[in-house]
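In: My questions are about this predicted structure, shown below with the sequence.
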Amino acid sequence: MKNILAVEKIEKYYGNEENMTKAIDNINFEVREGEFAGIMGPSGSGKTTLLNCISTIDSVTTGKIMINDKDITRLKPKELDIFRQNELGFIFQDFNLLDTLTSYENIALSLTIKGEKVENVDEKIRSVATYLGIEDILNKYPYQISGGQKQRVASARAIVTDPSLILADEPTGSLDSKSARLLLEKFEKLNTDLNATILMVTHDAFTASYAHRILFIKDGKLFTELVRGNDTRKEFFNRIIDVITLIGGDDNDVF
């Protein structure tokens with residue numbers, strides 16, 4: 001399988017010459033097509049900065065980021081807008097749904113922005129809604145549904161355009177344990193059945209245990225990585241806890 005994402009020698013600096021902070025320090029890694037990968041690290045480790053650079057929200061100081069064989073660090077603003085619409089799907093911790101639109105309309109919005117043909121919109125929405133188990137809430141507004149349902153609507157909005165790479169930033173951070181488990185099971189299904197490529201940032205070991213590979217970031221550098229292989233999810237969870245303990249994760253990383 002080909003690389004969907006290739007991060008090559010990237011560095012990110014903030015500040016000026018008198019007060020310079022190196023948020024990312026020479027990070028290199030790849031994510032293959034159909035892979036479910038995670039990024040973990042203590043607060044201030046650089047994991048969010050890394051995701052922001054990959055998602056084109058922020059830019060790198062040096063190095064390059066290849067997504068589907070295109071160097072996004074060289075794209076101009078208008079080119080980036082088109083690239084995001086066609087290649088990336090975003091899932092945020094706080095859902096980012098529009099309160100004045102129904103679930104159906106929130107999902108449709110990403111297709112409209114992309115310029116999808118009108119005759120294809122309904123079929124695409126209902127197909128992904130069935131897959132994520134939200135068919136019965138398509139006509140409801142965000143205030144009428146639970147947090148877990150909101151995140152599944154947000155997930156539907158992210159994948160309905162069939163992006164090359166789905167970027168999830170703390171997707172279970174606002175969910176209770178039952179809703180989080182259900183969402184993660186849906187992620188697994190998307191990855192396994194639809195070959196969706198997912199890169200997820202999380203501080204939570206339980207959430208991370210659903211991924212197939214975890215990259216650990218410490219002090220802006222790639223510290224180590226774990227591959228799940230033939231481990232059960234529980235076995236992988238325990239290995240993740242061992243690394244978190246080693247690098248000094250946040251107090252709630254083990255829960």
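Out: Right, received. Where do you want to start?
In: hey, let's count contacts and neighbours off CA atoms from now on
Out: OK.
In: Just to check, residue 236 is in contact with residue 209?
Out: Yes. Between residue 236 and residue 209 there is a contact under C-alpha atoms under 8 Å: 5.9 Å.
In: Start from the N-terminal end of the stretch 51-200 of the chain and give the helices.
Out: Remark: helices assigned in the stretch 51-200 of the chain by DSSP state H, counting those that start in this stretch are 77-87, 103-114, 118-132, 147-159, 177-194.
In: Show me the one of those helices that comes nearest residue 248.
Out: helix 177-194 (23.8 Å; C-alpha to C-alpha).
In: quick revisit: most packed of the helices of the stretch 51-200 of the chain?
Out: helix 147-159 (a mean of 24; mean count of other C-alpha atoms under 10 Å).
In: got the CA coordinates for that helix in CSV?
Out: C-alpha atoms of helix 147-159 as CSV (Å, rounded to 0.1, in the frame of the first residue of the first chain):
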residue,chain,number,x,y,z
GLY,A,147,-22.9,14.4,22.6
GLY,A,148,-22.2,10.9,21.2
GLN,A,149,-24.7,11.5,18.4
LYS,A,150,-23.2,14.9,17.6
GLN,A,151,-19.8,13.4,17.2
ARG,A,152,-21.1,10.7,14.9
VAL,A,153,-22.8,13.4,12.8
ALA,A,154,-19.4,15.3,12.8
SER,A,155,-17.7,12.0,11.7
ALA,A,156,-20.3,11.6,8.9
ARG,A,157,-19.5,15.1,7.8
ALA,A,158,-15.8,14.3,7.7
ILE,A,159,-16.0,11.1,5.7
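In: picking up where we left off before, now the helices of the stretch 51-200 of the chain as JSON lines including distance to residue 204 and mean pLDDT?
Out: As requested, the helices of the stretch 51-200 of the chain are exported to JSON lines (distance: least, C-alpha to C-alpha, whole Å; pLDDT from 0 to 100):
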{"stretch": "helix 77-87", "distance to residue 204": "27", "mean pLDDT": "91"}
{"stretch": "helix 103-114", "distance to residue 204": "27", "mean pLDDT": "94"}
{"stretch": "helix 118-132", "distance to residue 204": "22", "mean pLDDT": "93"}
{"stretch": "helix 147-159", "distance to residue 204": "17", "mean pLDDT": "94"}
{"stretch": "helix 177-194", "distance to residue 204": "11", "mean pLDDT": "91"}
